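1. when you get a sec, could you give me coordinates for this:
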Amino acid sequence: MRHVLLGGNGYLGCELTRTLLTEREDVHVVDLAPKLALELAGLSGRLRYSQIDIANLAQLQTVPLSRDDVVHHLASKLLIPNQPRFGRDAYYSRCNVTGTQNVLRWMTDRRAAEMVFWSTDMVYGPALVAPRTEQYPRRPFGPYGRSKVAAEDMLMAARTDALRITILRPRLIIGPGRLGILERLFQLIAHNLPVPLIGDGSNRFQFVSASDCARASVLVARKHCPNAEINLGSADPPRVYDLLSDLIRRAGSKSRLVRTPGSMVKAVLGMLSALTIGPMDREQFMIADQDVVLDISRAAELLDWIPTQSDEDMLFAAYATFCQKRA
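-> Residues are numbered from 1 along each chain as shown. All right, here's what the predicted structure looks like:
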């Protein structure tokens with residue numbers, strides 16, 4: 001078995017590559033970047049790398065693919081506040097929708113039978129029920145989530161006994177070296193500044209570690225990619241106030257948490273986002289005071305997957321790496 005990682009040069013892709021190479025699997029990373037970011041030491045002999053844009057079908061067709069290969073589709077545009085300022089639906093659709101359509105064509109032409117598709121829990125939108133199962137209605141807040149719904153719909157329609165596609169929907173993926181939306185939080189704590197919450201912090205906000213995600217992708221491949229949607233997240237997420245209090249304590253910071261009226265703060269963030277100067281994207285801040293928790297029982301049932309890391313440990317590991325890079 002060979003593993004073809006589309007978008008394998010990103011944060012999760014590098015973690016999955018490390019995991020597969022450690023298990024002595026053959027890996028072909030396909031990515032837009034001109035070179036592989038991962039340092040592979042003595043494992044590079046089992047790795048091949050191609051600089052390819054999956055939104056370009058002609059380029060993608062040059063990548064070798066056999067019937068026994070497993071395709072891990074991680075390629076996606078990252079959700080970054082205010083980027084781009086205009087044409088955001090088209091921006092996300094190019095990779096997430098057109099690229100996925102090309103991947104299906106490529107796999108069909110080569111009669112490849114197995115795909116692991118990395119989606120997102122942002123397809124769900126408002127967190128009106130907790131925990132949310134895979135059957136929860138998909139009503140995303142913005143263009144990133146909409147593009148993932150469109151890609152999911154395409155893949156679900158393409159499923160057959162001869163083309164098996166597992167769709168993974170992780171909560172917020174974090175770990176050492178992963179910043180994104182967390183960077184502003186870490187900066188406040190590192191400088192002993194007040195940390196404003198969106199709401200009173202009584203809600204739960206679930207994470208999942210990159211290493212647990214990589215393990216899930218491997219397990220899906222070993223199970224021959226069952227035709228199913230599967231949530232991934234931590235086992236017992238704490239309240240946001242308790243989570244951040246623990247981080248501040250472990251960091252040795254003098255920061256204090258500041259509760260705020262969530263609806264008012266989100267209204268202000270909405271105005272800033274409309275002006276393309278907001279610190280968070282609408283798809284991020286609209287759920288910040290909600291119970292954002294996924295039901296992960298199907299992952300245990302279908303994959304024998306159980307998360308190994310707590311939200312507190314994941315968040316502190318990401319903060320510790322942030323501090324090391326600042327030193």
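
2. low-confidence ranges in the stretch 101-250 of the chain?
-> For the stretch 101-250 of the chain, no stretch is flagged by pLDDT under 70.

3. okay, strands next: where are they in it?
-> Along the stretch 101-250 of the chain, the stretches classed as strands by DSSP state E, counting those that start in this stretch are 114-118, 164-170, 172-174, 195-196, 207-209, 228-232.

4. now do the helices in the stretch 51-200 of the chain.
-> With helices called from DSSP state H, counting those that start in this stretch, the stretch 51-200 of the chain shows them at 57-60, 88-93, 100-110, 143-158, 182-190.

5. tally of neighbours for residue 73?
-> Burial of residue 73 is recorded as 28 neighbouring residues (other Cβ atoms under 10 Å). From N, CA and C alone the C-beta is placed, and that goes for glycine too.

6. what's the distance between it and residue 219?
-> From residue 73 over to residue 219 the distance is 16 Å, taken as Cβ to Cβ, to the nearest Å.

7. before we move on, back to that, so for residue 17, which of the helices of the stretch 51-200 of the chain sits nearest?
-> helix 100-110 (18.3 Å; Cβ to Cβ).

8. returning to that earlier point: can I get the strands of the stretch 101-250 of the chain in a markdown table with distance to residue 108 and mean neighbour count?
-> As requested, the strands of the stretch 101-250 of the chain are exported to a markdown table (distance: least, Cβ to Cβ, whole Å; neighbours: other Cβ atoms under 10 Å):
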| stretch | distance to residue 108 | mean neighbour count |
| --- | --- | --- |
| strand 114-118 | 11 | 25 |
| strand 164-170 | 12 | 24 |
| strand 172-174 | 29 | 22 |
| strand 195-196 | 50 | 15 |
| strand 207-209 | 31 | 26 |
| strand 228-232 | 20 | 23 |
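
9. tell me the contacts of residue 175?
-> For residue 175, the contact set (Cβ atoms under 8 Å, 6 or more residues apart in numbering) comprises 11, 15, 209, 210, 211, 314, 317, 318.

10. please read the previous query as pertaining to residue 59.
-> Neighbour list for residue 59: 52, 53 [criterion: Cβ under 8 Å, 6+ apart].

11. mind checking pLDDT for it?
-> Residue 59 carries a pLDDT value of 97.

12. what's the answer for residue 326, then?
-> pLDDT recorded at residue 326 is 79.

13. residues in contact with the residue lying closest to it once chain neighbours are set aside?
-> In space, and not counting its chain neighbours, residue 326 is closest to residue 190: 6.9 Å by Cβ to Cβ, 6 or more residues apart in numbering. Shown in contact with residue 190 (Cβ under 8 Å, 6+ apart): 251, 253, 322, 323, 326.

14. of those, which is the most crowded?
-> Per-residue neighbour counts (other Cβ under 10 Å) across the contacts of residue 190 peak at residue 322, which has 21 neighbours.

15. any chance of the strands of the stretch 101-250 of the chain in JSON lines, plus distance to residue 19?
-> Shown next, in JSON lines, are the strands of the stretch 101-250 of the chain (distance: least, Cβ to Cβ, whole Å):
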{"stretch": "strand 114-118", "distance to residue 19": "13"}
{"stretch": "strand 164-170", "distance to residue 19": "15"}
{"stretch": "strand 172-174", "distance to residue 19": "14"}
{"stretch": "strand 195-196", "distance to residue 19": "34"}
{"stretch": "strand 207-209", "distance to residue 19": "12"}
{"stretch": "strand 228-232", "distance to residue 19": "15"}
